[in-house]
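A.B. asks: Sequence first, predicted model second:
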Amino acid sequence: MFKKAMEPVAGAEMENLILGKAAIVRALYEGKDISPVWDKLMARVSADLGDASAFLDLAIILQAIGQQDKAAIAQKAALDISRNYSIKNRNSAGFRILAFVAPGDFMANTPIEFLLESSNFDLLLHFVDADTENLEDIPHHDVAFVAVGESAANAPILNNLKRLLNGWVGPILNNAPDRILGLTRDGVAKLLEDESCILSPTTISISRETLKTLASEESNISSVLPKSSYPIIVRPVGTHAGIGMERIAGAAELSQYLKKRAEIHYYIAPFIDYRGVDGRFRKHRIAFINGVAFPSHLAISDHWMVHYLSASMSIHEDRRAEEAAWMANFDRDFAVRHARAFDALHRHLGLDYFAIDCAELPDGRLLLFEADVAMIVHAMDSEITFPYKKLAMAKLFSAFEGALRKRVERRSSNALLKCAHTGKSVIYQRTDDDCLICVLAMFAGRTYEEVEEVARGCDASYPSGGPMSHSIMRGVANRWGLVLLSSIYMLWERPAIIGVVSATITNAGHAVLWDGEKIIDPGDCGRIDRAYIDRWGLEFTQRAMDLTPLIQHEAQITYRAPATSTLEPL
């Protein structure tokens, strides 16, 4: 099924071609009259009730103008007819990108239509839900992307995607439904609670009934939110854009809040006063692509609840000037100050693409409001009012396109990348735990299967697909006549197996290959370069015979104890 989807697509038809979110939202942003488009779409569905693409574009227009109930009806009509839709970008001479998406509003999925608006990639949307039985009807594509965002409504869909994508063999990004499920507000706070460079305020999911006991003062805040007191932030679970979110100063205000809200489940968190020395509040939106941070926007407001539109950035020249400077200097300034925090975020969240809303605290920590894959990232703002955004957003979009392109190229059967010391093809990971298998195979000039076979001979309980222990790694190498030495230094003139702190999995290591010329990462993280190794390198393993010059040098400069020997025992 999956291999079939990856067959050559020359001349493949575009199924259910739609205008899509980017084209429709841009027209509205630019103040264009969209009624002629609406009239044409209505005429199409009137003439043909099976016109799925017209129904879906109508749903997008209704969503964009805030008529969510009507939008849901139109969307359902479309999805009852078909689950596949296509969007052509520019000349469409590039790859075909398959996005797994969920039914819902603009916040239900990664804004991939905005991210690829200026690209030459075709975008293929495949809608899935909790009842999707299989993926047999997915269209031909070059690379896939899991775009379904975290929400209570999407949880059953993500759980189903885990099953549907089990055994997926083609190039794909964000193929981690479990990690996306973990992006709840309370889940992210728990995940980052031990990171000293990040303040992700303790967040608790709480029932309406428990909130009532706080409002009536039958219980106090510290009993449900440890080490906290008023004021607190309260918001209904599943809401975004500040809907239903309020700062509550005491039990009386909480009682009034509950009179206005009818939801059953809420999040509560301590209120953190993050205003700057000038009294203003600043919220930064940052997208991460393969662990690299890119600025999306900086909203500056006099109110603690900051959103870009409500901050009225368009009428405050001084605020736009500050945003322009932040974007222009981001790599040299903000990203440098918060490098440790950015590393921690990528390591804990472990996704190819995600975005955060955050602020800076006076003590230098990063205050994290939210992390998600579905935050809106776009380039719709007026180039006249916001001329500085064009370059920054183009850089972000180019990085996203590059991540997709790289995933295709490195997984291609015709990949040209070779290991310099053997001339053999690079071997990429097949599981989450087999990085050392791949690196050992490349280091020794063997195949993945040969490593697995010898590993089982060393230890019958060795788990196929890893993880592989260091003792088994040495055992496999010894079977091939290789004696390996591991230390905290290496000769860069010779090939090496390098152990580093994982950039995508917390409290874990990762193996990469140095082939004498370049670093080869068998995984999909694009961050591990020489600078990363200098900072996060743990162990360097090379052939003992290649280390002879280093051993001789060490023997000459080391104080000699009676037990000192330069001979490597077999």
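C.D. replies: Noted; the coordinates are in hand. None of the values given here were measured: they were computed from a predicted structure.
A.B. asks: drop to CA atoms for contacts and neighbour counts, all remaining ones
C.D. replies: Will do.
A.B. asks: Show residues contacting the helix or strand hosting F55.
C.D. replies: Here F55 sits within helix 52-64, counting by DSSP states H and E. Contacts to helix 52-64, defined as CA atoms under 8 Å, 6 or more residues apart in numbering, come from residues 16-21, 24-25, 38, 41-42, 44-45, 68, 70-75, 77-79, 81-82, 85, 105-106.
A.B. asks: From these, list just the buried residues.
C.D. replies: 16-21, 24-25, 38, 41, 44-45, 68, 71-72, 74-75, 77-79, 82, 85, 105 (16 or more other CA atoms under 10 Å).
A.B. asks: Out of those, which sit inside helices?
C.D. replies: Secondary structure assignment by DSSP state H places 20-21, 24-25, 38, 41, 44-45, 68, 71-72, 74-75, 77-79 of the buried ones among the contacts of helix 52-64 in helices.
A.B. asks: circling back: run the angle between the helix holding F55 and helix 68-81 for me.
C.D. replies: Helix 52-64 runs at 160 degrees relative to helix 68-81, counting by axes from the mean of the first three to the mean of the last three CA atoms, to 10 degrees.
A.B. asks: what separates helix 52-64 from the chain centre, distance-wise?
C.D. replies: 27 Å (CA atoms, centre = their mean, to the nearest Å).
A.B. asks: What average pLDDT does it get?
C.D. replies: Regarding helix 52-64, the rounded mean pLDDT is 97.
A.B. asks: what pairs with the spatially most central residue of the chain across the strands?
C.D. replies: Taking CA atoms, centre = their mean, the centroid of the chain lies closest to Y353, which sits 2.4 Å from it. Judged by DSSP bridges, the bridge partners of Y353 are I289.
A.B. asks: Show me the strands in the stretch 51-200 of the chain, by range?
C.D. replies: 84-87, 96-101, 122-127, 143-146, 172-173, 198-199 (DSSP state E, counting those that start in this stretch).
A.B. asks: What lies in contact with the fifth one?
C.D. replies: Residues from elsewhere that reach strand 172-173 (CA under 8 Å, 6+ apart): 143-146, 352-353, 404, 407.
A.B. asks: ok, those vs G509, which is closest?
C.D. replies: D352 (17.9 Å; CA to CA).
A.B. asks: Quick check: chain neighbours aside, which residue is closest to the closest one?
C.D. replies: Distance criterion CA to CA, 6 or more residues apart in numbering; nearest residue to D352, sequence neighbours excluded, is N290 at 4.7 Å.
A.B. asks: contacting residues around stretch 354-371?
C.D. replies: So stretch 354-371 is in contact with 183, 185, 188, 196-201, 274, 276, 282-289, 337-338, 341, 372-375, going by CA under 8 Å, 6+ apart.
A.B. asks: Let me see the mean pLDDT of that stretch.
C.D. replies: 96.
A.B. asks: Likewise for stretch 401-408?
C.D. replies: 90.
A.B. asks: which one's the longest helix in the chain?
C.D. replies: Every helix in the chain considered (DSSP H), the longest is helix 389-411.
A.B. asks: That one relative to strand 96-101, how many degrees between them?
C.D. replies: Using the same axes, to 10 degrees: helix 389-411 against strand 96-101 is 100 degrees.
A.B. asks: residue ranges of the strands in the stretch 251-400 of the chain, please?
C.D. replies: 265-270, 281-289, 292-301, 353-360, 366-372.
A.B. asks: mind putting those in CSV, distance to W326 included?
C.D. replies: Output for the strands of the stretch 251-400 of the chain, formatted as CSV (distance: least, CA to CA, whole Å):
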stretch, distance to W326
strand 265-270, 28
strand 281-289, 10
strand 292-301, 8
strand 353-360, 13
strand 366-372, 15
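A.B. asks: and P226, which of those strands is closest to it?
C.D. replies: Using CA to CA, the strands of the stretch 251-400 of the chain put strand 265-270 closest to P226, at 9.8 Å.
A.B. asks: The closest one pairs with which strands?
C.D. replies: strand 204-207 (antiparallel), strand 232-236 (antiparallel).
A.B. asks: Please identify the most buried of those.
C.D. replies: When these are scored by mean count of other CA atoms under 10 Å, the highest mean neighbour count falls to strand 232-236 (a mean of 21).
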